[in-house]
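Novice: for reference, the sequence and a predicted model appear below.
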Amino acid sequence: MKHSPRIRTVVSCTTLVVALGAGVTACGADDHPLSAKPYDAAGQISFSGPIGDSGKAEKLDPDKPLEIIAQGDDGRITDVTATDASGRYVVGELAADGSRWHSTSPLAAGAHYTVRVSTENNDGAPGRKVIGFDTSTPTAKKQLNVTFGPKAGEYGVGQPVTAELSVAVKDKATRATVERALRVDSTPAVEGTWHWVDDKNLHYRPKEYWPIHATIQVHSNLAGIKLGDRLWGGNAKSLKLTTGDSLVAVTDASSHSMTVYRNGAAINQIPVTTGKPGYETRNGVKVVLGKEYFVRMRGTTVGIAEGSSDSYDLPVYYATRVTWSGEYVHAAPWSTGSQGYANVSHGCTGMSTSNAEWFFDNVREGDIVKVQNSNGEEMDPFGNGFGDWNLDWKKWRDGSALVGGTPDTPSPAQRARLRPESV
């Protein structure tokens, strides 16, 4: 079964913060929520940062991204449009779970913008809010700040390191300068490299999984480095991660069985059911994103019409998430007769409650869940969790600005930008 997440971690450079509450009532029992007139979402939206007490935005820096964030677990953003006075649209991206929208194209200086935010509460009732703001003149100097992830702590051996940049970097030479200054050191030492997911996000992983009981130190040497016209490297908080034992769960969809390995030795074999025809479980390597003791899973969240033969609304326990779009390993007591014999789920990996509790108690974020012999699509390397390990080492290295096309040796101009310790 699939379930869309309600909460995701976001960066702190918020321009607009949106809190969607459940203070409005849905339409009558005989009406579909989407047929109701959208409520005024003012009661469900609060602003912070550059939004003053009057409810009107102060002038915003056009060099910073525009962000709208749903806070809490009782609503989500469904659509955002932002236009200037001449009708030009700001290009942006909405997270699959509706938790965050951010601009991907720059704002114009000295312009007026109108932002229309559409929301939806957990009952499906739509809401709307219109926000206006002006942009200021450009700042004299921009900083490229870096936020490393995940948060400090212990993880499984499959956990990638992430770096989110505050400013998009497209130029290959500048990318090489940035990448060279983002340092990842592990003990024991391993071969690894950064991969540019897009203009603002990088992932780092070794050639193979991290060693067990490793210490991983991440830091940036960008501070004070000039990266381009009016763009300088800013500060970044260093990060320390550790790994525990290696735990890899391999699900064979054709034999309806999961084998769990700890440090290479099989420690459990579990009868399972995976996605039935039309809802096949994704093949490939996934990384555990989190664990939720209880999740309410509803077919409507993945586009299944309420009341149809495939419709469901179930309380689910011991749910281990492996994709943002709602693929879990979880307890499925309603399908124990099929576990080990047939695939009857809507895409999740189901097992008995006792087996799901064991799995839940033994895995941590960063552990590996691999599915093979399913008729489903391949796990996307990026965008729906951490599918990084589905790229072979050559393709992974091709995504590095230092290995995949940009010379590692800096030019004289680049060398002048670098501090000695970052060369």
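Specialist: Structure received. Numbering: from 1, shown residues only.
Novice: show me where pLDDT drops low in the stretch 151-300 of the chain?
Specialist: For the stretch 151-300 of the chain, applying pLDDT under 70 flags the ranges 299-300.
Novice: all helices for it, in order.
Specialist: 172-181 (DSSP state H, counting those that start in this stretch).
Novice: strands along the stretch 101-250 of the chain, start to end?
Specialist: All strands of the stretch 101-250 of the chain, identified by DSSP state E, counting those that start in this stretch, fall at 112-121, 126-134, 142-144, 146-149, 153-155, 161-165, 182-187, 192-196, 201-206, 215-220, 226-228, 231-233, 239-243, 247-252.
Novice: quick check: residue 293 touching residue 317?
Specialist: Yes. Checked against C-beta atoms under 8 Å, the pair residue 293 and residue 317 is within contact range at 6.4 Å. Using the backbone N, CA and C atoms, a C-beta is placed for each residue, glycine as well.
Novice: so which of the two has more stuff around it?
Specialist: residue 317 (16 against 10; other C-beta atoms under 10 Å).
Novice: for stretch 373-383, measure first residue to last.
Specialist: 23 Å (C-alpha to C-alpha, to the nearest Å).
Novice: pLDDT on it, on average?
Specialist: Throughout stretch 373-383, pLDDT has a mean value of 94.
Novice: quick one: buried residues of it?
Specialist: Buried residues in stretch 373-383, counted by 16 or more other C-beta atoms under 10 Å: 374, 376, 379, 381, 382.
Novice: for the last one, give its distance to residue 190.
Specialist: Taking C-beta to C-beta, to the nearest Å as the measure, residue 382 falls 21 Å from residue 190.
Novice: rewinding a little: for the buried residues of stretch 373-383, which one is nearest residue 200?
Specialist: residue 382 (12.5 Å; C-beta to C-beta).
Novice: surely the closest one and residue 388 touch.
Specialist: Yes. Using C-beta under 8 Å, residue 382 is in contact with residue 388, at 7.4 Å.
Novice: mutual contacts of these two, please.
Specialist: Common neighbours of residue 382 and residue 388, using C-beta atoms under 8 Å, 6 or more residues apart in numbering, are residue 203.
Novice: ok, back up a step: can you put the buried residues of stretch 373-383 in TSV and add secondary structure?
Specialist: Compiled in TSV, these are given as follows (DSSP: H, G, I helix; E, B strand; the rest coil):
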residue	secondary structure
374	coil
376	coil
379	coil
381	coil
382	coil
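Novice: do me a favour and get the end-to-end distance for stretch 120-131?
Specialist: 17 Å.
Novice: mind listing what's buried in that stretch?
Specialist: Using 16+ other C-beta under 10 Å as the test for burial, stretch 120-131 gives 120, 121, 122, 125, 126, 127, 128, 129, 131.
Novice: what bridges to the second one?
Specialist: In this structure, residue 121 bridges to residue 75 when assessed by DSSP bridges.
Novice: touching, it and residue 78? I think so.
Specialist: No. Here residue 121 does not reach residue 78: they are 10.6 Å apart, not a contact under C-beta under 8 Å.
Novice: please name the nearest non-neighbouring residue to residue 404.
Specialist: residue 398 (4.0 Å; C-beta to C-beta, 6 or more residues apart in numbering).
Novice: ok, the one you found to residue 208 distance?
Specialist: The value you get for residue 398 to residue 208, if C-beta to C-beta is used, is 18 Å.
Novice: hey, what's the closest residue to residue 396 other than its chain neighbours bridged with?
Specialist: Leaving out its chain neighbours, the residue that sits closest to residue 396 by C-beta to C-beta, 6+ apart is residue 195, at 5.4 Å. Here residue 195 sits in beta bridges with residue 203, going by DSSP bridges.
Novice: which residues are in contact with residue 195?
Specialist: 202, 203, 204, 205, 388, 391, 396, 397, 399, 400.
Novice: among the residues you listed, who's most crowded?
Specialist: Most surrounded of these: other C-beta under 10 Å gives residue 202, at 26 neighbours.
Novice: my guess is it contacts residue 181. True?
Specialist: No. In this structure, residue 202 is not within contact of residue 181 by C-beta under 8 Å, at 11.5 Å.
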